[in-house]
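Peer 1: fold the following.
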Amino acid sequence: MRFALAGAGVIGQVHARLIAALPGHADLAVVVDTDEDRARKLATEYGCAAVADLAEACARPDVDAVAVCLPSGLHADAAVLALRAGKHVLVEKPLDVTLAAADRITEAERASGRTVGVISQRRFQPAPAFVHRAIADGRLGRITSGIAESTFWRGQDYYDSGGWRGTLAGDGGGALMNQGIHAVDLLLWMMGEPVEVQAYAGRLAHERIDVEDTVAATVRFASGAIGTITATTAAYPGLPVRLAVHGDGGSAVIEREDLAYFHSAADARPEDPSDHNQAVPFGGEGGQASIDAAHRDQYLDFIAAVRDGRPPLVGTQQARRALHVVLGVYESARTGAPVAL
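Peer 2: Residues are numbered from 1 along each chain as shown. Reported below is the predicted structural model:
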């Protein structure tokens, strides 16, 4: 599959490296960026073309799909343009920053008959995948509660580094929308359909931003289970992502990228968590379940979904649900009232 890369910034550079690491599966045909020098620099590195206009890239017959790596508030415009041009789309998280924009992508996907995948690579790490299977198999019994923590640190220089960072128009939100949405997606994947949220949020440690740097929320699920979400970029020096899921038959805890704890009453012999933390090395780099390896595996899933005519593991429906929760959290924090989803 030959890709056009929309956006040559930091995230676009990550995607270019991922595509280049998939010989026989993916090739980079063209880099698109309104900063023509930046586009040419990245294109030269990977031996492909560079253009400033996405429509021009989508008109190329050697482009099968577009990887959208633009600021969050531009995702829908780029994805819809690509879909209308008959290209498949792999878009970075979040799907966009409003439900209306997300629905524009879904409508274009349906009308075009093309495939849209949304980056949520943590689902492809061994530990979350193992816990999801264990829940589906009933090994934790009835799920009763869950905890998702994204406790990060971003200095003021992070927000000052780009004109769109920390803005509602570009980012759509702060610590939860930008950093915490990965943990939100995992919590929903484990616990099912959310029906209500209640939240508090604040801007406590940063200046010159429109968005929160700290948020805490409670989520009620259709099953009756209750989850909590914490996301912050104001916790120096920053801690790993942590996800815990508890049921009346067992518990599982993921810390950083590893399964830190697993116990099931249904198992005659306790699991060794380390059995579920290995990933295939990426780009010659070994080690524990690397985020790059998971990112690579999501690319492979997307490519296989297009080839086989099936939905990708993370598509517009799953991404819209995570966005809906994030926006519900913001509405609840703004009004002080619970928000039905």
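
Peer 1: point out the other helices and strands that whatever helix or strand Asp37 lives in packs with.
Peer 2: When elements are assigned from DSSP states H and E, Asp37 belongs to helix 36-46. In terms of contacts (3 or more C-beta pairs under 8 Å, 6 or more residues apart in numbering; DSSP states H and E), helix 36-46 is packed against helix 10-20, strand 27-32, strand 49-51. Backbone N, C-alpha and C define where each C-beta goes, glycine included.

Peer 1: tabulate the ones you listed (TSV), appending mean pLDDT.
Peer 2: Output for the helices and strands packed on helix 36-46, formatted as TSV (pLDDT from 0 to 100):
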stretch	mean pLDDT
helix 10-20	96
strand 27-32	98
strand 49-51	98
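
Peer 1: Arg242 is nearest to which of those?
Peer 2: helix 10-20 (23.5 Å; C-beta to C-beta).

Peer 1: about what we covered before: next, format the helices and strands packed on helix 36-46 as CSV and append distance to Thr233.
Peer 2: Formatted as CSV, the helices and strands packed on helix 36-46 follow (distance: least, C-beta to C-beta, whole Å):
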stretch, distance to Thr233
helix 10-20, 16
strand 27-32, 29
strand 49-51, 33
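
Peer 1: nearest to Glu255, out of those?
Peer 2: helix 10-20 (23.3 Å).

Peer 1: what's the closest one packed up against?
Peer 2: Against helix 10-20 (3+ C-beta pairs under 8 Å, 6+ apart) you get strand 2-6, strand 27-32, helix 36-46, strand 65-68, helix 291-308.

Peer 1: buried set for it?
Peer 2: Judged by neighbour count (16 or more other C-beta atoms under 10 Å), helix 10-20 contains these buried residues: 11-20.

Peer 1: looking at those residues, which is nearest Ala52?
Peer 2: Of the buried residues of helix 10-20, the one sitting nearest to Ala52 (C-beta to C-beta) turns out to be Gly12, at 13.9 Å.

Peer 1: hmm, that closest one is touching Ala39, no?
Peer 2: No. Between Gly12 and Ala39 there is no contact under C-beta atoms under 8 Å: 9.2 Å.

Peer 1: let me see the domain layout of this protein.
Peer 2: Per automatic domain parsing, the domain ranges recorded for the chain read 2-118, 122-286+314-340.

Peer 1: in the stretch 101-250 of the chain, which spans are helices?
Peer 2: Remark: helices assigned in the stretch 101-250 of the chain by DSSP state H, counting those that start in this stretch are 126-136, 156-160, 181-191.

Peer 1: closest to Thr228 among the buried residues of helix 10-20?
Peer 2: Using C-beta to C-beta, the buried residues of helix 10-20 come closest to Thr228 at Ile11, 28.5 Å.

Peer 1: tell me the pLDDT of the residue lying closest to that closest one once chain neighbours are set aside.
Peer 2: Nearest non-adjacent residue to Ile11, counting by C-beta to C-beta, 6 or more residues apart in numbering: Cys69, 4.5 Å away. Per-residue pLDDT puts Cys69 at 98.

Peer 1: what of Val280?
Peer 2: On pLDDT, Val280 comes in at 47.

Peer 1: ditto for Ala289
Peer 2: pLDDT, read off for Ala289, is 44.

Peer 1: lowest confidence element among the helices and strands of this protein?
Peer 2: Using mean pLDDT, DSSP states H and E, helix 156-160 stands out as the lowest-scoring helix or strand of the chain, at a mean of 93.

Peer 1: who touches it?
Peer 2: When contacts are defined by C-beta atoms under 8 Å, 6 or more residues apart in numbering, helix 156-160 is touched by residues 165-166, 206-209, 233.

Peer 1: in it, what's buried?
Peer 2: Buried residues in helix 156-160, counted by 16+ other C-beta under 10 Å: Tyr159.

Peer 1: could the helices of the stretch 101-250 of the chain be laid out in JSON lines, adding distance to Asp308?
Peer 2: What follows is the helices of the stretch 101-250 of the chain, written out as JSON lines (distance: least, C-beta to C-beta, whole Å):
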{"stretch": "helix 126-136", "distance to Asp308": "19"}
{"stretch": "helix 156-160", "distance to Asp308": "40"}
{"stretch": "helix 181-191", "distance to Asp308": "21"}
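
Peer 1: which of the ones you listed has the highest mean neighbour count?
Peer 2: Mean neighbour count (mean count of other C-beta atoms under 10 Å) peaks for helix 181-191 among the helices of the stretch 101-250 of the chain, with a mean of 24.

Peer 1: for it, packing partners?
Peer 2: Judged by 3+ C-beta pairs under 8 Å, 6+ apart, helix 181-191 is in contact with helix 126-136, strand 143-151, strand 226-232, strand 242-247, helix 316-335.

Peer 1: on that earlier part again, and His295, which of the domains of the chain is closest to it?
Peer 2: Proximity to His295 (C-beta to C-beta) singles out domain 2-118 among those, at 5.7 Å.

Peer 1: chain center to the closest one, what's the gap?
Peer 2: Relative to the centre of its chain, domain 2-118 is centred 16 Å away, using C-alpha atoms, centre = their mean, to the nearest Å.

Peer 1: if anything else comes up later, I'll come back, but that's it for now.
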